[in-house]
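Asker: got a sequence here, can you model it:
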Amino acid sequence: MNQTKDIISFFGYVIKDSRMYPSHISLYVALFQCWSMNRFQSPFRICRAEVMQLGRVKSLGTYHKCIRELHLAGFIMYFPSYDPYKGSLIEIVDFDQPESLINKTFWEQELTIQKVSVFSAPKLYEVELYFNERDLPSAQAHEFYSFYDSQNWKLSYGKLMNSWQAAARNWIYKEKKGS
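Answerer: I've put the predicted structure just below:
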């Protein structure tokens, strides 16, 4: 594998894709540098702190988002270890190989992964208990439950709610603010 061609190929793909930001590029270059320091062994282990420092990435959230998106885009293969002493495994994808692991469908997709809602409607006694724990009368719990039950537990803009407790907190806040 010619490593110079790999970095040039990466930049060729990045130029075509408007979803890749400087943080993605910076992280990929840092991973490429780590790969070089490991004598182009594939796969190789990384230390998150070292990669973040090399890539000038300061936020853990940005690091995790970018490394996941680089993996989803097919630029790298990422195998997290969750063991701080072991380090995660990274494999830089060879763009020249026909059986390359580049995710072809990625180019037509969004980078962000949509959360799947797993909401389940509460029972009346759960709502009542929630309101009673906050020193509120059961009548308010019944009013809250009746309202959202009639709305099929959807929010005002038609989206299914993720957490009835969050809706209850907003309900309680508005009730206290109104009185």
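
Asker: how many residues are close by the closest residue to S23 other than its chain neighbours?
Answerer: Leaving aside its sequence neighbours, S23 sits nearest to C66 (C-beta to C-beta, 6 or more residues apart in numbering; 5.1 Å). C-beta here means a position set from N, CA and C on the backbone, and glycine is covered the same way. Summarising burial for C66: neighbours were counted as other C-beta atoms under 10 Å, giving 23.

Asker: for the most centrally placed residue in the chain, give me the pLDDT.
Answerer: Centroid check for the chain by C-alpha atoms, centre = their mean gives K65 as the closest residue, at 5.7 Å. Looking at K65, its pLDDT reads 91.

Asker: and the residue nearest to S23, how close does it get to L31?
Answerer: C66 sits 10 Å away from L31, going by C-beta to C-beta, to the nearest Å.

Asker: likewise for Y78?
Answerer: In terms of C-beta to C-beta, Y78 sits 9 Å off from L31.

Asker: please say which of the two ends up with more neighbours.
Answerer: Using other C-beta under 10 Å, the more surrounded residue of Y78 and L31 is L31, with 23 against 17.

Asker: low pLDDT regions in the chain?
Answerer: 1-2, 96-117, 179 (pLDDT under 70).

Asker: now do the helices in it.
Answerer: Ranges of helices within the chain are 3-16, 22-37, 48-54, 60-73, 124-133, 138-150, 164-178, based on DSSP state H.

Asker: the closest residue to R134 other than its chain neighbours - how many residues pack around it?
Answerer: When the adjacent residues along the chain are set aside, R134 lies closest to I172, with 6.5 Å between them (C-beta to C-beta, 6+ apart). The tally of other residues near I172 (other C-beta under 10 Å) stands at 17.

Asker: next: M37.
Answerer: 12.

Asker: repeat for the one 10 residues further on
Answerer: By other C-beta under 10 Å, the residues close to C47 number 15.
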